[in-house]
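Student: here's a sequence, model it:
(chains A, B and C)
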Amino acid sequence: MKIAGSYTLPLPQERAYYLLQDPAMLAKCMPGCEGLEPIGENEYRMKMKMALAGMSGLFDGKVRTTEQNPLSSFKLIVEGSGKIGFMKGEGTLVLAPVDGGTSVAYGGDVQVGGTIAAVGQRLIDGTTKMLIKRFFDKLAQEAAAQTEPRP
Amino acid sequence: MIPQTFEYTSPATLQEALQLIAGGERKILAGGMSLIPMMKLRLALPEHVVDLSRVPGLNGISEAGSSVKIGAMTTHHGVESSPLIRAKCPLLAEAASQIGDIQVRNMGTIGGSVAHADPAADYPAALVALEARVHLVSAGGERTVAASDFFLEAFTTAIEPGEIVLDVEVPVEDKSEGYRYEKVPHPASGFAVVGVAVRVKKTGGKVTMARIGVTGMSSRAFRARAAEALLESGADVAKAAAAVGEGEEANADLYASSAYRRHLAQVYAARAIAAALSRAS
Amino acid sequence: MATTITKPETLVGKRIRRREDPRLITGTATYVDDVKIPGMQYACIVRSPHAAAKIKGLNAKAALDHPGVAAVFTGADIKDLGPVPCGASLPGLRVPHHHLLAQDRVYFLGHPVAVVVATDRYIARDAADLVEVDYEPLDAVADPEKALAPGAPAVHPEWPDNIAFTYHQDGGDIAQAFREADVVVKQRITSQRLIPTAMETRGVVADWHSGDRALTLYTSTQIPHLLRTLVAGILGMRENHLRVIAPEVGGAFGSKLNVYAEEALMAHISMRLNKPVKWIESRRENFLCTIHGRGHVDYYELAAKRDGTMLGLKLKLIQDLGAYHQLLTPAIPTLSVIMMPGLYKCKSISADIVGVFTNAVPTDAYRGAGRPEATHGIERMVDILAAELKMDPAELRLKNFVQPAEFPYATATGLTYDSGNYAAPLQKALDQVEYRKLRQEQSNARAQGKLMGIGMSTYGELCAAGPSPALPVGGWEGATVKVEPTGKVTVLTGISPHGQGEETSFAQIVGDELGVDIDDVVVLHGDTTLVQYGIGTFGSRGLSVGGTALYFALQELKAKVKKFGAHMLASNDVTLSGGTCRDERSGKSVSFAEIATAAYRGIQLPPNTQPGLVATYFWEPPNFTFPFGAHMVVTEVDRETGAIDIRRYIAVDDCGNIINPLIVDGQVHGGVAQGLGQALWEEAVYDDNGQLLTGELTDYAIPKAHFMPFIESSHTTTPSPVNPLGVKGIGEAGTIGCSPAVVNSVVDALSTLGVRHIDMPLTPEKIWKLIQGGQA
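Tutor: From the prediction side, this is the model:
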């Protein structure tokens, strides 16, 4: 399945870029992510807990960033598998300054297998979009929290 | 098609049910039309299921002032065939009559449907158009949430852990209102590829009130407020319908691309608005 | 004594309600899952979640340690058993070794990897999740055209081109036909993969009796006898130690005309554990692992004269075979080739099949098996030619039909059509819709911007399989008629009905032939110990071959009855009619029941006559039968949404003589429903990784009762000369006639927008896009 979209982060481009490279930040913002553990250069093992629609699944996965073009683009590879199925997503994120922040345009391919692929057809597209949006929403929120002066 | 082993409890009182779910980990079973298939496919793996079917007072339809209260465990068939609902909020009966198939309507419940919040379910479109309220209860007390604040995202609602849906309260429709629920059912699942619920009032040919709820198109049921405003400001049906889905991202699946889905929502909105107008007096 | 001879009223030709229905609709029938045997174990199969992968390791320890688990079987346990059999042979056919369980590699999604056996089905299912399989996923290919492209992943590494076979057939002089042609039309036409979706999924109970060294296998099959021979072969056991019982079978549509790994696996497991074992397929498994149908990409070229005379037809057929050959997989597309000229006098043909391996469940026979694809092709091509020549499609058909005086008619593909009057059903359908008036209505509708379509198909069918030389197994059928001492009649038939209603139609034939009450006849089938060998039910052969065997057995039996009757009446000239044997000269008579009693009492035996009243007949058909018909569909397309409304559906079928019109109606209705399924809704979709995206009934749309249009069904009757009943077969006709009529109608509706062809299924979005394109 092809995915494409964009999100505007209310952050300067440099900050947006480095936050997106930061494993601690990724771990915080990826929906259901229960922590990242480095296993190689820019590569992390991840455990995810998904709870949606009564569906609950633990996924073991990997996150890797590659083909970095500092400040302007990089490639993100996420894969995970659990009892209910497996997924692999590969996408390029392109950052560009826009009014009010940085636009992050993403495009790539998501492969889903197992039971989810077989019975979840009508929901995969919407759910993927929703999870991507949740990720960026959380990222924007976390970034804002970081910059707010601590009391 | 055999679920994972799970513990099953069927509490006899609401109090007991609320205590059981207070921890938030237990899964509530209402009609089971979504949960049971997901469990059989092992997509849902709850360790403990709390069945509400024996809890008294959750099933039934009653008039309360200017609204009708529908107990959470009322079946779709119960709603579809209720003389009270047919008389007082016929849009809801019309939507209920188009849910799934006869077997699903005999088992599925309004509380289960709203709590599950499938983005292609039929009820949510009607409930946001009817400006209904969802009444929630937990061990800590009760609260009421407007339908348009209730459906947040796909399968995500305003329900907090430990809460259950007590009933859905639907304001009585004005006798002069016109209404219509129009739906494109998916040929396999029967879910709404798109579904549009419309209420209108008119005075001397001028639309004075329009409410449009849309399901199936995006990640949640929503009010097409731009289209409502256009109708209320005298725009024609085609123009108003063309504004349905503005600002919403349309879903895609094997059956309908996002462009086609958006188009269907607009065509069906136009048809539903026209039909509702023809019913308004 | 004066006697009045009145012609007895016949049962044949009457709308008699099916005698099998009460048990089916009251839930009292016995299906495989109703078989319960003390001590029975339950099996759950671990299946690959990948379409292509290496198995790097398999650890069943946790599953074996799970309380209640009796055993776990893996590829290593069964590697010395025979493969899942392929019954078809073609020159140069590549046959991958199809182990009962995967060895070191999986080839399609759902490939069986291990079997967990436990004391109940819930434990078995739980424990299946505990089997750890370490897969190394490989690139997969599920689209046959992509599989043929250079550099495509190899489904079987030993055959990197993914080609299982190529097959060529020609007839006449195709080069000359194309040289002489004024016009040549070309079109790529697909016939998408379909999932048969029988209401009852597959299921097996295997029950080994170690003392007798005998195994009873209950399985939901169309071919109990063939299955016995083949499963005995896989297991290396003596065939007569294996008893196969097909209990009630809840639909099959060709999907149970097969021998599956699970049948041999359960047999093997029962023997290994010395316990009965049951496996019931889930709907998910049914979608993943029971054969699919169709799966064609066809490239057609039709050459014709300007006046519409068809000269030659070329076909390049790409068949999606899936990862393995099931029983008849590679043979199915050859049926499309032999039926490619349809009902037309097309003297020259040329066909090339490329059978392609893909990482998908095998395709095989599904209602019509090769003939729906062929009919769809030729009937679409005729319409495309009509559009090209600006001729009326009905007129073009009438011009090219084989004429009634030309039968038996030898086709360019080597068949001999038995009998036909092809214009008759078309004319009847045209009259019924008031065709001229309807075309006028269409032109008025078009003037108002409406998209109204009129489409037809005139299909030909090949049924009653068939002469044994034409089949990979015997094509004959057997029947035994036993008259019991009380005069009640028991029929044992080698066919294996599973919805075709032969318990009723055969009883009608017996009732008429022997003059007994229909309720005194019992028709038994589907048990290899009870019934003499038979071939089975498929290819619309039940009545036309099995019924004919019964008819001949009845003639032999009647001769013996008359011999007894004559002896009892001390006559040498008796008649048998209405259940009475009579000497017309003396006026004396003896009843059928009295004769039966005497035959078993054994003290009034005619000279040189054995006691008892039993006759068995094995009938070898001299030819196939060739039913035909015309389906006509009137549609209106919603310009805004692309939705299709079927305004009228007219089916005029000619299946020869009709034994029971009610059953024939049912077959037409069911057939049309499945044809509409293919035309409008159904499609098995694999993604590029070989994941089946339509993996459940939530995404795979089979027709539902309320989707169905009213079917105006009627018949013309052209008896077949191939069998004495004059019957041809109707099981698949509805499906075969339907899809091209629907597509032709919708293409006709959109023809004003320049649309010439649409591939199935005709989903609203596809139509909407064409309308958008046409308007742009």
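
Student: please name the residues that touch residue 118.
Tutor: Reading this off chain A. The neighbours of residue A:118, taking C-beta atoms under 8 Å, 6 or more residues apart in numbering or on different chains as the test, are C:284, C:287, C:288, C:691, C:692, C:693, C:694, C:695, C:696. Heads up, the C-betas are built off the backbone N, CA and C, glycines and all.

Student: wrong one, chain C
Tutor: Listed by C-beta under 8 Å, 6+ apart, the contact partners of residue C:118 are C:41, C:42, C:44, C:66, C:68, C:69, C:70, C:124, C:127.

Student: what residues does chain A have near chain B?
Tutor: A:52-57, A:83-84, A:115-116, A:119-127, A:129-130 (C-beta under 8 Å from any C-beta of the partner chain).

Student: got a pLDDT number for the closest residue to chain B within the stretch 501-650 of chain C?
Tutor: Distances between the stretch 501-650 of chain C and chain B by C-beta to the nearest C-beta are smallest at residue C:640, namely 4.8 Å. Looking at residue C:640, its pLDDT stands at 97.

Student: likewise for residue C:4?
Tutor: pLDDT, residue C:4: 54.

Student: can I get the contacts of residue A:118 in JSON lines with distance to chain A and pLDDT?
Tutor: Formatted as JSON lines, those follow (distance: C-beta to the nearest C-beta, whole Å; pLDDT from 0 to 100):
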{"residue": "C:284", "distance to chain A": "7", "pLDDT": "95"}
{"residue": "C:287", "distance to chain A": "8", "pLDDT": "98"}
{"residue": "C:288", "distance to chain A": "8", "pLDDT": "97"}
{"residue": "C:691", "distance to chain A": "5", "pLDDT": "96"}
{"residue": "C:692", "distance to chain A": "6", "pLDDT": "96"}
{"residue": "C:693", "distance to chain A": "5", "pLDDT": "95"}
{"residue": "C:694", "distance to chain A": "7", "pLDDT": "95"}
{"residue": "C:695", "distance to chain A": "2", "pLDDT": "94"}
{"residue": "C:696", "distance to chain A": "4", "pLDDT": "93"}
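
Student: near chain C too, which of the residues of chain A next to chain B?
Tutor: A:83, A:115, A:119, A:121, A:122.

Student: among the residues of chain A next to chain B, which lie within strands?
Tutor: When DSSP state E is applied, the residues of chain A next to chain B are split such that A:52, A:55, A:56, A:57 fall in strands.

Student: quick check: closest non-adjacent residue to the third one.
Tutor: Translated: residue A:56. Excluding the flanking residues, the one nearest residue A:56 by C-beta to C-beta, 6 or more residues apart in numbering or on different chains is residue B:45, at 5.8 Å.

Student: what's the neighbour count on the one you found?
Tutor: Residue B:45 has 19 neighbours, counted by other C-beta atoms under 10 Å in any protein chain shown.

Student: check contacts around it.
Tutor: Contacts of residue B:45 (C-beta under 8 Å, 6+ apart): A:56, A:57, A:83, B:3, B:4, B:39.

Student: just these: which has the poorest pLDDT?
Tutor: For these, the least confident entry is residue A:56, with 73.

Student: contacting residues for that one?
Tutor: Residues in contact with residue A:56 (C-beta under 8 Å, 6+ apart) are A:49, A:50, B:44, B:45, B:46.

Student: return the closest of the residues you listed with respect to chain C.
Tutor: Nearest to chain C among the contacts of residue A:56 is residue B:45, at 10.1 Å by C-beta to the nearest C-beta.

Student: residue B:14 versus the residue nearest to residue A:56, what's the distance?
Tutor: Distance, residue B:45 to residue B:14, by C-beta to C-beta, to the nearest Å: 27 Å.

Student: how about the nearest residue to residue C:46 once chain neighbours are set aside, secondary structure?
Tutor: Counting by C-beta to C-beta, 6+ apart, the nearest residue to residue C:46 once its immediate chain neighbours are dropped is residue C:114, at 4.2 Å. Classification of residue C:114 by DSSP: H, G, I helix; E, B strand; the rest coil places it in strand.

Student: tell me the SS of residue C:216?
Tutor: strand.

Student: follow-up on the earlier one: quick check: the residue nearest to residue C:46 touching residue C:60?
Tutor: Yes - counting by C-beta atoms under 8 Å, residue C:114 does reach residue C:60; the two are 6.5 Å apart.
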